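> Quick one: sequence plus predicted model below, questions after.
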Amino acid sequence: MSAFIVLGAQWGDEGKGKMTDYLAEEADVVVRFQGGNNAGHTVEVGDKQYKLHLIPSGILYEDKLNVIGNGVVLDPKAMFEEIEYLENLGVKVTPEKLLISDRAQLIMPYHRALDGAKEKVRGKNDIGTTGKGIGPCYTDKAERSGIRVCDLMHKEVFKEKLKENIADKNAVLSKIYDMDTFDFDAIYEQYINYADRMKAFVADASVRVYNEIKQGKKVLFEGAQGNLLDIDYGTYPFVTSSSTIAGGVCTGAGIGPTMINSAIGIAKAYTTRVGKGPFPTELFDSMGEHIRDKGHEYGVTTGRARRCGWLDTVILKSAARVSGLTSFAVTKIDTLAGIDKIKVCVGYEINGEIIDYVPASLEDLAICKPIYEEFDGWDNSIEIARTYDEIPDNAKIYLKRIEELTDTKISIVSVGPRRDQTIVVSEI
Ligand code: GDP
Ligand code: IMO
Ligand code: MG
């Protein structure tokens, strides 16, 4: 039995796409279990770059099964655009390669509209969402008015549910947000067209993934977003609306915890965040700008500049704890090359006390002062390292200390965006 999880250990964009692609070589099945097209996962293979949002990163291989699990919120428009993008790049997306859970929730055009409307009303307290309708879709799921893929497969059921939702959403959009309303017929036609195109891909994902594991196949669960964007353990309300932690795999793919062997947390060698919310180690000076420029820290989904700061091991400890991480993969260590002195946050000072966990209250987090340790830097030769021995000594000291501080081993070090720039340090 072999199933393992790849999760973001910070605020997203840690390099999950790259690591999933790398690890997928060994896997038979790649499963997305939460989030939607708010994710932006970049994979570089040779001189080609692929940007994936909703489709699992295993799609780039000819022979892997990719699964969109029940915990995902699926925008059919975005999905077909992504399929077209991939096919234009020569990547085939067939029902043999992609399976969509019949229990996944559908993102509807009114979800996107409500996402924007709510952000506008929040004004200066906006979350900085990706605007893809993620929050409103998960709201409907929890409120039990959502429309699932299986509903779309039954035209009459879909018609009824759409009618009820359109009436409700149009009232909210026009009366509360003073916005344009949606036309039932136009959405119905559009989605029935999607239904016809989607049918061949739809099945019970839990049954299929369970059977694959039982038959001895290797299954990789690809997380989106990251630990601190989790709906429960993130910096609420500046989070996404799904369970981004290991527990999300069980509910979002319909697989029990006893079937999962390991969980790898992907951690950037520094920290970034897009959107609003607290960020204790954020750098507002030229060092922050330097890291942003060197690391090309601009969002894949929205193009927004990412906020940059030093590595925060308090955050990594939290990720290791809530997801039971068996190891970390540290990415973008090459981005720090050339910096003379590199800092790492090892704890927070709050009201004269030292803590090593992320407090629930944002008011408390806002007054946490990072306690730093300082490390000597390394040079750009790290980009061409292909074995652990070839990594500069100072970078080894940095990595060792991360292991000590988080009490979690590092299994992989990534020294560049390409597949071949990946060093396996210890067993995964
Ligand atoms: P994800 O959302 O976690 O999949 O990450 P993103 O794709 O949003 O952002 C990570 C970016 O860093 C992508 O452009 C990757 O190609 C790139 N990347 C991943 N690993 C490395 C690395 O080790 N070094 C460098 N320089 N870039 C990397
Ligand atoms: P990947 O998978 C980084 C952030 C948004 C915003 C908050 C809520 O590429 O790591 P949402 O649209 O989900 O309601 O936005 O979450 N966010 C991400 N930040 N990487 C992501 O995905 C993100 N997905 C959402 O910027 O702050
Ligand atoms: Mg990303």
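Great, that's in hand. Ligands and ions are numbered 1, 2, ... in the order given.
> neighbours around Glu212, how many?
If you count neighbours by other Cβ atoms under 10 Å, Glu212 ends up with 18. C-beta coordinates here come from the backbone N, C-alpha and C atoms, glycine included.
> what's the spacing between it and Asp204?
Distance, Glu212 to Asp204, by Cβ to Cβ, to the nearest Å: 13 Å.
> Same check on Gln105?
Computed as Cβ to Cβ, the Gln105 to Asp204 distance reads 15 Å.
> So these two - more neighbours on which side?
Just comparing Gln105 and Asp204: by other Cβ under 10 Å the higher neighbour count belongs to Gln105, 22 against 15.
> right, and that one touches Tyr138 too?
Yes: with contacts counted by Cβ atoms under 8 Å, Gln105 reaches Tyr138, the gap being 7.4 Å.
> got any residues that touch both of these two?
Contact criterion Cβ atoms under 8 Å, 6 or more residues apart in numbering; residues shared by Gln105 and Tyr138: Val73.
> by contact count, what packs against the longest strand seen in the chain?
In the chain, assigned by DSSP state E, the strand with the most residues is strand 341-350. When contacts are defined as 3 or more Cβ pairs under 8 Å, 6 or more residues apart in numbering; DSSP states H and E, strand 341-350 sits against strand 311-312, helix 313-323, strand 353-355, strand 369-376, helix 393-406.
> export these to JSON lines and tack on distance to Ala3 and mean pLDDT?
Shown next, in JSON lines, are the helices and strands packed on strand 341-350 (distance: least, Cβ to Cβ, whole Å; pLDDT from 0 to 100):
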{"stretch": "strand 311-312", "distance to Ala3": "29", "mean pLDDT": "98"}
{"stretch": "helix 313-323", "distance to Ala3": "14", "mean pLDDT": "98"}
{"stretch": "strand 353-355", "distance to Ala3": "34", "mean pLDDT": "98"}
{"stretch": "strand 369-376", "distance to Ala3": "36", "mean pLDDT": "98"}
{"stretch": "helix 393-406", "distance to Ala3": "23", "mean pLDDT": "98"}
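> show me the contacts for Ala203.
Taking Cβ under 8 Å, 6+ apart as the test, what Ala203 contacts is Leu99, Ile100, Ser101, Asp102.
> And the pLDDT for it?
pLDDT, Ala203: 98.
> phi, psi of it?
With angles defined as degrees, to the nearest 10, Ala203 sits at phi -160, psi 180.
> strand partners of the longest strand of the chain, parallel vs antiparallel please.
Within its sheet, strand 341-350 is paired with strand 311-312 (parallel), strand 353-355 (antiparallel), strand 369-376 (antiparallel), according to DSSP bridges.
> now what about the first one, what contacts it?
Spelled out, it's strand 311-312. Under Cβ under 8 Å, 6+ apart, the answer for strand 311-312 is 10, 267-271, 280-281, 343-345, 370, 402.
> Do that strand and ligand 1 come into contact?
No: Strand 311-312 stays clear of ligand 1 (Cβ under 6 Å from any ligand atom), getting no nearer than 13.8 Å.
> Can you classify Glu363 by secondary structure?
Following DSSP: H, G, I helix; E, B strand; the rest coil, we place Glu363 in the helix state.
> okay, now it: neighbour count?
Number of residues near Glu363 (other Cβ under 10 Å) recorded here: 9.
> same deal with Asp185?
Neighbours of Asp185 using other Cβ under 10 Å come to 8.
> Need the three-state assignment for it.
helix.
> ok, the closest residue to Gly46 other than its chain neighbours to His296 distance?
With sequence-adjacent residues excluded and distances taken as Cβ to Cβ, 6 or more residues apart in numbering, Gly46 is closest to Arg418, at 7.7 Å. Going from Arg418 to His296 by Cβ to Cβ gives 14 Å.
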